[in-house]
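[1] this one's structure only:
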């Protein structure tokens, strides 16, 4: 679901850069704001255009004309056209979105029958790091955030920012629809291979592997049960054999030690972070999130960012609705005039994201969740779509 959020942010930026303000930012400045590898004019598959196209899976309106390659309402041909949603011709039809397919998790808007939506960009300062690095000007930063906008329930562009449904945000985490790293993930070997350099060829970007590691650290205090190999590609047979050896060693440990300790101490000797410069050459070194050539692996396989990271958000990318704080001049390396501060206040009347805190609706996964009709561990109740089991840490601290 973090990818869906990144895609929606990328779609908003694409609209801003191509329609709202098509001449206001250079290619380099657009890259700086988005965090992606390069500009759409250089290679759409390495830019936010690709992420924007993935947001077609959150768009229920058929036939929408958007950026090149965009496909809204992506139905399989086996579904009869008469059953598909159309806001005019068939307003009660089925909706082909990642939210509506998970409507028993997200919850249902009882006035429309549509799935509730978790996407939220209230308080997000798009391009904050680009402003602070000097890549964009104050005027560009203010205009971008003033006019970037949001979406309505049909994924139509609207001028205001959009507030996500907190119940949907809670339940997508409780259910495990989005990876939260809890629910037993601390007690199993996690062998993470980035086998295809997707920043050049698709939307499963490399940054998400590092986001998953950060979520493990958040929940468990460290990521000692997580090993990452990168390559183009990683030799799969070698990776699989190493993983299988690790699992077998854990299973063979008959001691009374906690399961997590068994996992950590039974790693094979070659189950260490590293990357493959070729199918036969492994470079053992810690894998770090960076687009700079600050290690051998990052020189070979740099990792590019995403819009909310550039907006000041955490690498873990699981703050789906941020808590807000007052605008603080010390957050900006540039000096804002009184007029610019007033304009910033009008753009963010409720405040800006406080990324130092857990997001609104933060929940740990509910083990063995039910989506009905069983009442045990029920995540969603049709009679009350805002209900959720609240025994877990809600992150209000």
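    Arrived safely. Note that this is a predicted model, so its numbers are computed, not measured.

[2] can we go C-alpha only for contacts and neighbour counts from here?
    Noted.

[3] and the strands in the protein?
    150-151, 157-158, 190-194, 226-231, 274-276, 282-284, 324-325, 352-353 (DSSP state E).

[4] right, and residue 326 touches residue 351 too?
    Yes: if you go by Cα atoms under 8 Å, residue 326 and residue 351 touch, sitting 4.9 Å apart.

[5] that older thread, how about the strands of the chain in JSON lines, adding mean neighbour count?
    JSON lines is the format used below for the strands of the chain (neighbours: other Cα atoms under 10 Å):
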{"stretch": "strand 150-151", "mean neighbour count": "21"}
{"stretch": "strand 157-158", "mean neighbour count": "14"}
{"stretch": "strand 190-194", "mean neighbour count": "19"}
{"stretch": "strand 226-231", "mean neighbour count": "23"}
{"stretch": "strand 274-276", "mean neighbour count": "24"}
{"stretch": "strand 282-284", "mean neighbour count": "17"}
{"stretch": "strand 324-325", "mean neighbour count": "16"}
{"stretch": "strand 352-353", "mean neighbour count": "23"}
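
[6] between these, which one is closest to residue 264.
    Residue 264 lies closest to strand 226-231 among the strands of the chain, at 8.9 Å (Cα to Cα).

[7] how about residue 372: what's its closest non-neighbour residue?
    Distance criterion Cα to Cα, 6 or more residues apart in numbering; nearest residue to residue 372, sequence neighbours excluded, is residue 378 at 6.5 Å.

[8] what helices and strands are in contact with the helix or strand of the chain with the lowest mean pLDDT?
    None of the helices or strands of the chain scores lower by mean pLDDT, DSSP states H and E than helix 48-54, at a mean of 74. Judged by 3 or more Cα pairs under 8 Å, 6 or more residues apart in numbering; DSSP states H and E, the packing partners of helix 48-54 are helix 2-15.

[9] in this structure, where's the longest helix?
    Counting by DSSP state H, the longest helix found in the chain is helix 236-252.

[10] beta partners for residue 108?
    Residue 108 forms beta bridges with residue 115, as assigned by DSSP bridges.

[11] just to revisit the earlier point, looking at residue 326 and residue 351, which one has more neighbours?
    Between residue 326 and residue 351, counted using other Cα atoms under 10 Å, the more crowded position is residue 351 (19 against 13).

[12] pretty sure that one sits against residue 123.
    Yes: using Cα under 8 Å, residue 351 makes contact with residue 123 at a distance of 6.1 Å.

[13] spit out the residues that contact those two alike.
    Counting by Cα atoms under 8 Å, 6 or more residues apart in numbering, the shared contacts of residue 351 and residue 123 are residue 324.

[14] tally of neighbours for the residue nearest to residue 135 when sequence neighbours are not counted?
    Excluding its sequence neighbours, the residue lying closest to residue 135 (Cα to Cα, 6+ apart) is residue 29, at 6.1 Å. Neighbours of residue 29 under the rule other Cα under 10 Å: 20.
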